[in-house]
Every structure is written in structure tokens, then in C-alpha cells.
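Student: Okay, predicted coordinates and the sequence, questions at the end:
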Amino acid sequence: MSNFLAKRLLFSASVLFALSLFVFLLFYIAPGDPARVIAGDKATELQLVQIRSNLGLDRPIYEQYLQFVGKALQGDLGFSYRSQQPVAKLIVTRIPATVSLVIGGVIFWLLIGIPIGIMSARDPGGWRDRLGQTIILVGLSFPTFVLGMLSLYVFYFLPRQAGFTLFPPGGYAPFLKDPLIWAWHLVLPWTTLALVTAAIYARLTRGNLLQVMGEDYIRTARAKGLSERAVLLRHGLRSTLTPLVTQLGADIAFLLGGAIVIEQIYGLQGVGALAVQAVQNQDRPIIIGVVMLGGLFIVITNIVVDLLYAVLDPRIRH
């Protein structure tokens, strides 16, 4: 296991190195003048030269890259062109909102999606299966932004028109300040994220269970006299967890890099909203920082998923 983990860490380091090189080439060699973005259109040439010198943009490319990597390894991602604040500080202040959204959304969609998939697989072709398939189809058909706007209209706008407040319109409240207010602000974002994503997990659970339930070891378990419920949950469901863990790892890593649509709809000032603002302002250091953060999350979740594989399937350990 230690050799396996060491190899995964080495591979992950190489992935991050390749990502840093790609990001550097993309944003530092791409057309556009960061000095002009900072100084504005009315800046003189002397001012632009001074800004380029301060940013180190007048140095050779390889020196800029080595400086970029060296600072990144120390947690220094540079300064924002617009706010002149450290990029790492800006990202750290936005992470709690994104992490809160992702954790609650994951719990919600697992509690919704997996039971629906199990219900459908237990009664293939029956009314439960048709009901589950309908729920899956509806969930996959609704775009996130449509469901989010509909939720705001039904659960915020209409109650406000009636003279009371059911849910806040958006925004993020810190967890440590008041956990109840924190959860109150996140119920609608959690539900919106979960209802769309749960359909994917319901379909995966149903499909994998139907495939597994025809295996020989399942027939052997039934022949031993185990109840259908025990066969399904104890033997069938465990075999379906591996593809679910794979999907879960990819989804968590993607969302931690910034759940852009959800954050924009509900006014959650998370990493995704920060990335949108940086793109609009052409603030390259922030864009680079968010991309590197997303890559780091993907690498970490892949390592965790690989370790979970070894727990779920002992054959992988060898």
C-alpha cells in the first residue's frame, strides 16, 4: 500500500507540474498586456515600463516561470491586478462558501439519488422503477440555472409578495457566527445542486445494481436463503460503490474548483464567483490561482478515491 501511495503522489506531483507549465504559458505568453490592464488606457509608456519591471514581466520567460513555481510552492500566488491583494488571501476567504455548498450538496444528492436507484433496481419494469426513471429524467432535463431561478421565485419571491420570508434571496453567512443562519442561507443552493446531480447517481446506482444482481455470487447468496433485501444491500450495493466513488470524486473536485452557476444565482461569494469576476476584469493572477486550486483538488480527490478502491475491493491492494 505504501508503494502504491508513493507512486500516486509522484504521479500527482507531475500532473501539478504540467498544469503549472500549461497555465503559465497560457496566461503569461498569451496576447494582452497586464501592465495596460493595471494602469488603464491613459497610462504613459514610462508608467507601463515601470509596471512591467515591478511585475518582472521584462525578465526572460524561464526566469518568470521559475519565480512563479518557487512562489507557488510557498503559497504565494502573486497579487491581484485590480485589488492589489494577495491572490492566496482572496481565495482562502472564498473557500468556506464553496466548501459549505459542496459538502451539503453531496450529502443531499447521495441521500436522494442512491435510494431512488435502489428502489428502481429492486423492481425492474414495475411501477417503482417507472417512478424512479421519471424522477431521473426530470432531474437530468432541468438545467441548474433554471431550477435555481425557479427555486428563488417559488421560495423567496412569492412568500415575500405574501408578506413573509421563507428563505433568504442568497448570500453566505459564516458557519462559526451562527450555524442555523448558515444552513438557512444554504438550503436552496444545496437543494438546487442536489436535485440535478442526484439524478446522475440514481441512474448509476440503478444500472450498476441491475448488472450486478445477475452475477453468480448473487445467485449463490440467494440460494443460501438470504432475504432479497440482505442480498441487495450486503452484496449487490457494495459492488456498485466503486463506480459511484469514481463519479463522486470527480464531482467533488470539479465543484470545489468553483460551482460557478450556483454561486452566481444565489450570490454566494465563493471560488466560482471569484473566477467569474477575475475573467471579467482580466485579472490573470486570480485566474491562475483558481485553476491551480482546482487542479490540486482534483489530484487530492483522485488519491482519496484510489485509497477507497483498496478498501472497497481488497483485490486492488495487490
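Tutor: Structure's in. What do you need?

Student: tell me the domain ranges of this structure?
Tutor: For the chain, automatic domain parsing gives the domain ranges 2-73, 87-317.

Student: pLDDT averaged over the helix or strand F11 falls within - what is it?
Tutor: Applying DSSP states H and E as the criterion places F11 in helix 2-28. In this model, helix 2-28 has an average pLDDT of 78.

Student: So which bits of it are buried?
Tutor: Across helix 2-28, burial judged by 16 or more other CB atoms under 10 Å covers 12, 16, 19-20, 23-24, 27-28. In short, each C-beta sits where N, CA and C put it, glycine included.

Student: any chance of the residues you listed in TSV, plus distance to S151?
Tutor: Shown next, in TSV, are the buried residues of helix 2-28 (distance: CB to CB, whole Å):
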residue	distance to S151
S12	37
L16	37
L19	35
S20	38
V23	35
F24	40
F27	36
Y28	41
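
Student: Nearest to F79 among the domains of the chain would be which one?
Tutor: F79 sits nearest to domain 87-317 of all those, at 6.3 Å, using CB to CB.

Student: So what's the gap between that closest one and the chain middle?
Tutor: Centroid displacement of domain 87-317 relative to its chain, using CA atoms, centre = their mean, to the nearest Å, is 9 Å.

Student: Please report the distance of F297 from L256.
Tutor: Using CB to CB, to the nearest Å, F297 is found at 4 Å from L256.

Student: neighbour-wise, which of those two wins?
Tutor: Counted by other CB atoms under 10 Å, F297 and L256 do not tie: L256 has more neighbours, with 24 against 20.

Student: Tell me who's in contact with the more buried one.
Tutor: The contact partners of L256, taken as CB atoms under 8 Å, 6 or more residues apart in numbering, are 98-99, 102, 271, 293-294, 297, 301.

Student: M149 now?
Tutor: Counted by CB under 8 Å, 6+ apart, M149 has contacts I265.

Student: what number of residues lie near L180?
Tutor: For L180, the neighbour count with other CB under 10 Å is 8.

Student: Tell me the spacing between it and R122.
Tutor: Taking CB to CB, one finds L180 at 37 Å from R122.

Student: Also L152?
Tutor: L152 is 36 Å from R122, by CB to CB.

Student: now D283
Tutor: D283 is 52 Å from R122, by CB to CB.

Student: okay, the two: which has more neighbours?
Tutor: Each of D283 and R122 has its neighbours counted (other CB under 10 Å); D283 has more, 24 against 19.

Student: on that earlier part again, now the two most distant members of the contacts of L256.
Tutor: Greatest spatial distance among those (CB to CB): V271 and T301, at 15.1 Å.

Student: So for those two, which residue has more residues nearby?
Tutor: The residue with more neighbours, out of V271 and T301, is V271; 31 against 18, by other CB under 10 Å.

Student: Let me see the contact set for that one.
Tutor: Counting by CB under 8 Å, 6+ apart, V271 touches 91, 94-95, 97-98, 256-258, 263, 290, 293.
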